[in-house]
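[1] kindly return the folded structure for what I paste below:
(chains A and B)
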Amino acid sequence: MSILIDRTSRVVVHGLTGREGSFHGAAMLAYGTQVVAGMTPGKGGQMALDGRVPVFDTVAEAVRETGADTSCIFVPAAGAPDAVMEAAAAGIRTIFCITEGIPALDMIPVVEKVRAAGARLIGPNCPGATSPGRAKVGIIPASVHREGRVGVVSRSGTLTYEAVQAMSDAGIGQSTCVGIGGDPVIGTTFLDVLQLFAADPETEAIVLIGEIGGAAEETAAAWAAEHLRDVPKAAFIAGRTAPEGKRMGHAGAIISGGAGTAASKVAALEAAGFRVAGSPTELPQLLRDAGYRG
Amino acid sequence: MKIQEADAKSLLVAQGLPVPPWEVAHTAAEARAAAERFLAAGAGQVVIKAQVLVGGRGKAGGVKLAATPDDAERVAEAILRLEIKGIPVRKVLVGPAADIVKEYYLSAVLDRASRRIILMGSADGGVEIEQVAADRPDAIVTIQADPLLGLLAFQARQMAFRLGLGAHLKDAVAIAMGLVRTMQADDADLVEINPLAIVRETGPDGTAIERLQCLDAKITLDDSALYRHPALEALRDPDEEDPADREAREAGLTFIKLDGTIGCMVNGAGLAMTTMDLVKRAGGEPANFLDIGGGARADKVAAAMRLILADPKVNAILVNIFGGITRGDEVARGLIEAREQQERDVPMVVRIVGTNAAEAAILLEQARFETAATLDEAAQRAVAASKGVVA
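    Below is the predicted model of the structure:
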């Protein structure tokens, strides 16, 4: 098993005919993901990715014709909230929004509506998810992965690649790697993903990669202390040297009023039984130290 | 994006909130003229406030009262000579001093945990809310706005009653609703009034009346939404934007200058922070945070290099690229191009992995760049170079 995405997932890519959509759509297909449809208004009836994937005008049509149940959104920021709503309205269950730079207030009603529709939104401003050896959705390079049993959840993109590559190089594979996104208002939190991993029989250890800003790492740590007590857990927090009051690239990465510091997150994670790395390259050894034998 | 108090007040006025009049003065003479007008209009005293985008103005001596035009000129001159948290004061706000009966705190904030706008209030106004939160969390009232409908009138009434503003119910509700409306209209992350005050004024018939006024205003705008608010983009204060920050913004780079000596160039925000952290861990000090973003091409890399080298304290550079969307060979070409153009030579350690890393390695080797395989190694070598140790 794995979480969020696997061999049975049927993916519709919003913006498949665009630059990002076609590049990453092709990479997903090459990885073995069932990319069953594209969606670009006005290009319905065309075939994309060298004639392998049909394009539809609406998500509803794509769902009806191909049985798509997962969506991956590459459309620009101004249209992305609408794309999420269209996916939810069409009955898509799992929506990955890769788009970066969406105004935060736009996402408040969208997150609420997606939740009310019983769907799940991952992101926005996230790299997607990979279940190694099964399927990938989003932009994480396939080359960093290795099949295995460690669940990885992160707020970052390239930092995740760095950490996952270090694990793969050390022979530690992953069940699923999920990037939840660096924005202040996101659909799926660290806590949500930990709960999914806890219920996944094939995930035997957890790696959490957080950064400064907010308190989502602390909230997840508190839950893990109680519910993942016997699971080997390691973590890394970026931004120990970040100054207060500055947005460190990600809209959500900011220490304000003394809250959201790396120190606070490290302390919470350590108290919850996570081994916290000083560098992402230490994560494999820390998992071993925590008793992971996979 | 942070905006000045005077601009924040304009945004509140645009939504119909009660804000006492003010003028902005750039010189002591202008401040004197403004003070003369307010004093002639009946103000007993004027307040003169430094306009800088940092907190703690009062403690730094940047907020003072004046009773006469002479006083106002003197006070303004002193404030305009101040530097508050490293930022020189270039302008002051002048307004009639309020006769304050009681101060409150009221703000609308984007709350990440609940993924809602929350209205936050306290009857302990005029002090830093973080301090109130730390000392007496019970003194803070929070109400979550509806995610679909925004703040509802009954919620605003609830806030007013809990703050003890029942005697000013109508005004308090209008202000609370107006705060959230301002937030939504301008795509703000934060709209804060501290203090919101009951002030004593003299009515037209000469009797004293008490009413609610927004005496200070702090607004931060969502950078991601500025594209649809050209008028708000114009509020960016060029006086307080570092030239390097402006160049970075215009080049599409995220750059934050720090105090150290090791320039960092990285793709991705999380990895950029991590690179800084590892520099520090290896015993060095990062000179900046710099995220070149996804898919950066050679010209962007060259712009990033110029920014880093413009800081005279930089004596070593660490380039760390994990290619995903970004192609390693593009970055390598940008580095080679940038080095040909740059005016001073600084030791550089380059680490490029991921997409097209092999092509990048060949280019870098031909151009005789110093490369590193792992991030930890790259950080250690950059620190050694910065300290003048030959690695």
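[2] the longest strand in chain B is where?
    Determined from DSSP state E, the single longest strand within chain B is strand B:188-202.
[3] ok, that one near chain A or not?
    Yes - residues of strand B:188-202 contacting chain A under CB under 8 Å from any CB of the partner chain: B:D189. For every residue, glycine as well, the C-beta is placed using N, CA and C.
[4] that strand pairs with which strands?
    When pairing is defined by DSSP bridges, strand B:188-202 lines up against strand B:100-111 (antiparallel), strand B:208-214 (antiparallel), strand B:218-221 (antiparallel).
[5] what's in contact with the second one?
    Residues from elsewhere that reach strand B:208-214 (CB atoms under 8 Å, 6 or more residues apart in numbering or on different chains): B:9, B:12, B:17-20, B:98, B:101, B:165, B:168, B:171-172, B:175, B:193, B:196-203.
[6] rerun that using 7 Å as the cut-off
    Outside strand B:208-214, the residues within contact range by CB atoms under 7 Å, 6 or more residues apart in numbering or on different chains are B:12, B:17-20, B:98, B:101, B:168, B:171-172, B:175, B:193, B:196-203.
[7] show the buried residues in those residues.
    B:12, B:17-20, B:98, B:168, B:171-172, B:175, B:193, B:196-199 (16 or more other CB atoms under 10 Å in any protein chain shown).
[8] rewinding a little: just the strands paired with strand B:188-202: most buried one?
    Comparing the strands paired with strand B:188-202 by mean neighbour count (mean count of other CB atoms under 10 Å in any protein chain shown), strand B:218-221 comes out on top with a mean of 23.
[9] put the alpha carbons of the following helix or strand past it into PDB.
    Downstream of strand B:218-221, the first helix or strand assigned by DSSP states H and E is helix B:230-233. Extracted in PDB, the C-alpha atoms of helix B:230-233 (Å, rounded to 0.1, in the frame of the first residue of the first chain):
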ATOM      1  CA  PRO B 230      -1.700  48.000  -8.800                       C
ATOM      2  CA  ALA B 231      -2.700  50.900  -6.500                       C
ATOM      3  CA  LEU B 232      -1.400  49.000  -3.500                       C
ATOM      4  CA  GLU B 233       1.800  48.000  -5.300                       C
END
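[10] which other helices and strands contact the helix or strand following helix B:230-233?
    Downstream of helix B:230-233, the next assigned helix or strand under DSSP H and E is helix B:243-251. Packing contacts for helix B:243-251, counted by 3 or more CB pairs under 7 Å, 6 or more residues apart in numbering or on different chains; DSSP states H and E, involve strand B:254-257, helix B:298-309.
[11] redo those as TSV? Include mean neighbour count, mean pLDDT and distance to B:G121.
    Listed next are the helices and strands packed on helix B:243-251 as TSV, based on neighbours: other CB atoms under 10 Å in any protein chain shown; pLDDT from 0 to 100; distance: least, CB to CB, whole Å:
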stretch	mean neighbour count	mean pLDDT	distance to B:G121
strand B:254-257	21	91	33
helix B:298-309	21	90	42
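[12] show me where the chain has its helices.
    Went with chain A since none was named. Taking DSSP state H as the test, the helices found in chain A are A:19-31, A:59-66, A:80-89, A:104-116, A:158-169, A:190-198, A:216-227, A:262-271, A:283-289.
[13] the chain in question should be chain B.
    Going by DSSP H, chain B shows helices at B:5-14, B:28-40, B:69-80, B:129-135, B:153-162, B:169-186, B:230-233, B:243-251, B:269-281, B:298-309, B:328-341, B:357-366, B:375-386.
[14] tell me the most buried of those helices?
    helix B:269-281 (a mean of 27).
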